[in-house]
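Student: take a look and give me a structure for this.
(one chain, ligands or ions: 2)
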Amino acid sequence: MIEIARGRRVGVRVPATSANLGPGFDTLGLALAVYDEIDIEAAPDGVLDVSVEGVGEGVVPLDEGHLVVSSIIATLERFGARAPGLRLRARNSIPHGRGLGSSGAAIVAGVVAAAGLMADQRELTPEELLTAASELEGHPDNVAPCLFGGLTIAWVTLAGVPRSKQLLVDRGVSPVVLIPEETMSTKLARSLQPESVPHADAIFNVSRSALLIAALAQSPELLLEATEDRLHQHYRAAAMPQTANLIGRLRDEGLAAVVSGAGPSILVLCDSPVQRLRAADLAAADTGASWEVVMPAVDVLGATVDVSAAEMGSLSA
Ligand SMILES: Nc1ncnc2c1ncn2[C@@H]1O[C@H](COP(=O)(O)OP(=O)(O)O)[C@@H](O)[C@H]1O
Ligand SMILES: N[C@@H](CCOP(=O)(O)O)C(=O)O
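Tutor: Ligands and ions are numbered 1, 2, ... in the order given. Below you'll find the predicted structure:
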């Protein structure tokens, strides 16, 4: 049994993500430079002291139900470590329930924090981190870019093991994120998906997903066609009509707009400053809803962990 040194501290930073990117349902994801930062300290047994500033303050639970806390405990147990008491300070900027990967980021924060707490006794590999985070989140497309940064292709092997490949995004591609006030639970959005889809739609999405990799990596001029989708967005559109309406207007003007994750935010993959301004203008002109416009860079670092070795001392009893 791995014992965590009492007083050991870990600082974690995790990026927002936008999953699916149109055709790449449960597969493609992009890390965005909007971050949650969490400081964690191993405390005496029985202590659980959680505070939250920013997004989720006064809303998320401050007990074992806090998603970062539960993910730390689950990950420590998964790798044979005894969970110590915990002090946790979160400063959150990733919006919740908007399709920007907040739950994936909270889970990744917990997984990498647990890895940091154990680091002197058990080094976790990138594959182990991805597997632990994907199992907690239920799908790998958010947690892969959150862990590793950039554009990621995530898949699950025939043996059921999540894997991912990181790619660099062409410098000409810049994301614009349009965030409405309404929220959408990812669980609810997933319940709207049918069990099976027409063969022609599957072929449609295979072609667009393959094209999208080329568009994002080297040919931004193909983004509009490459972001077409017949696998998930229309099944969920009735649950987020304002999102569907604005995406329609953006795409009519040649902008590669898609539902971000399970929605209701919109991701616009722009290939020029003119496109970015046009996306912001169309969002501002929308009379049906109000949209916060964010233009984050693509994050290329993924989750970062800062372990304070000086604090390592006696093992918690
Ligand atoms: N940093 C966080 N701390 C605690 N709970 C969180 C955090 N981020 C997300 N959550 C939980 O996850 C929920 C949102 O998850 P989800 O429906 O998957 O939407 P999203 O698209 O934002 O990932 C929040 O309502 C909250 O319960
Ligand atoms: N592929 C998932 C992505 C969910 O992303 P989130 O940011 O909304 O949690 C889905 O579309 O269900």
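Student: which helices and strands sit right next to whichever helix or strand Ala279 is part of?
Tutor: Here Ala279 sits within helix 273-284, counting by DSSP states H and E. For helix 273-284, the helices and strands in contact under the criterion 3 or more CB pairs under 8 Å, 6 or more residues apart in numbering; DSSP states H and E are strand 174-180, helix 241-252, strand 266-270, strand 291-294. For the C-beta atoms, the positions are set from N, CA and C on the backbone; glycine is no exception.
Student: could I get these as CSV with distance to ligand 1 and mean neighbour count?
Tutor: Putting the helices and strands packed on helix 273-284 into CSV (distance: least, CB to the nearest ligand atom, whole Å; neighbours: other CB atoms under 10 Å) gives the following:
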stretch, distance to ligand 1, mean neighbour count
strand 174-180, 11, 23
helix 241-252, 13, 18
strand 266-270, 12, 27
strand 291-294, 14, 18
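Student: re earlier: any buried residues in the helix holding Ala279, and which?
Tutor: Judged by neighbour count using 16 or more other CB atoms under 10 Å, the buried positions of helix 273-284 are Gln275, Arg276, Arg278, Ala279, Ala280, Leu282, Ala283.
Student: kindly report the same for stretch 95-110.
Tutor: Of all the residues in stretch 95-110, those buried under the rule 16+ other CB under 10 Å are 95-110.
Student: picking up where we left off before, quick one: the helix holding Ala279 to strand 266-270, angle?
Tutor: Taking axes from the mean of the first three to the mean of the last three CA atoms, to 10 degrees, one finds helix 273-284 and strand 266-270 inclined to each other by 160 degrees.
Student: quick one, helices of the protein?
Tutor: Assignment of helices within the chain using DSSP state H yields the ranges 67-78, 102-118, 126-137, 143-148, 186-191, 199-217, 223-226, 233-236, 241-252, 273-284.
Student: bridging across strands, which residues link to the nearest residue to Asp49 once chain neighbours are set aside?
Tutor: On the basis of CB to CB, 6 or more residues apart in numbering, the spatially nearest residue to Asp49 that is not a chain neighbour turns out to be Arg87, at 4.6 Å. Under DSSP bridges, the beta-bridge partners of Arg87 are Glu41, Asp49.
Student: count of neighbours near Arg87?
Tutor: For Arg87, the tally of surrounding residues (other CB atoms under 10 Å) stands at 15.
Student: wait, doesn't it sit right on Val47?
Tutor: Yes. The pair formed by Arg87 and Val47 meets the contact definition of CB atoms under 8 Å, at 6.8 Å.
Student: what do those two both touch?
Tutor: Counting by CB atoms under 8 Å, 6 or more residues apart in numbering, no residue touches both Arg87 and Val47.
Student: show me the contacts for Val34.
Tutor: Contact partners of Val34, counting by CB under 8 Å, 6+ apart, are Pro15, Ala16, Ser93, Ile94, Leu100, Val294, Pro296.
Student: keep those residues, but drop any that are not near ligand 2.
Tutor: Of the residues in those, proximity to ligand 2 by CB under 6 Å from any ligand atom holds for Leu100.
Student: just curious, which of the contacts of Val34 is nearest to Leu158?
Tutor: Taking CB to CB as the measure, Pro15 is the one of the contacts of Val34 closest to Leu158, at 29.9 Å.
Student: residue contacts, whichever residue of the chain sits closest to ligand 2?
Tutor: Here the chain gets closest to ligand 2 at one residue, Gly261, 2.7 Å apart by CB to the nearest ligand atom. For Gly261, the contact set (CB under 8 Å, 6+ apart) comprises Thr17, Ser18, Ala19, Asn20, Gly99, Leu100, Gly101, Asn142, Thr186.
Student: near ligand 1 at all, stretch 81-93?
Tutor: Yes. Judged by CB under 6 Å from any ligand atom, stretch 81-93 and ligand 1 are in contact via Ala90, Asn92.
Student: what of stretch 16-26?
Tutor: No. Using CB under 6 Å from any ligand atom, we find that stretch 16-26 stays clear of ligand 1, coming within 8.5 Å at best.
Student: next, the distance between the ends of that stretch.
Tutor: Taking CA to CA, to the nearest Å, the first and last residues of stretch 16-26 lie 16 Å apart.
Student: circling back to that earlier point, mean pLDDT added to the helices of the chain, as JSON lines?
Tutor: Below are the helices of the chain laid out as JSON lines (pLDDT from 0 to 100):
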{"stretch": "helix 67-78", "mean pLDDT": "98"}
{"stretch": "helix 102-118", "mean pLDDT": "97"}
{"stretch": "helix 126-137", "mean pLDDT": "98"}
{"stretch": "helix 143-148", "mean pLDDT": "98"}
{"stretch": "helix 186-191", "mean pLDDT": "92"}
{"stretch": "helix 199-217", "mean pLDDT": "97"}
{"stretch": "helix 223-226", "mean pLDDT": "98"}
{"stretch": "helix 233-236", "mean pLDDT": "95"}
{"stretch": "helix 241-252", "mean pLDDT": "97"}
{"stretch": "helix 273-284", "mean pLDDT": "97"}
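Student: that'll do, ta.
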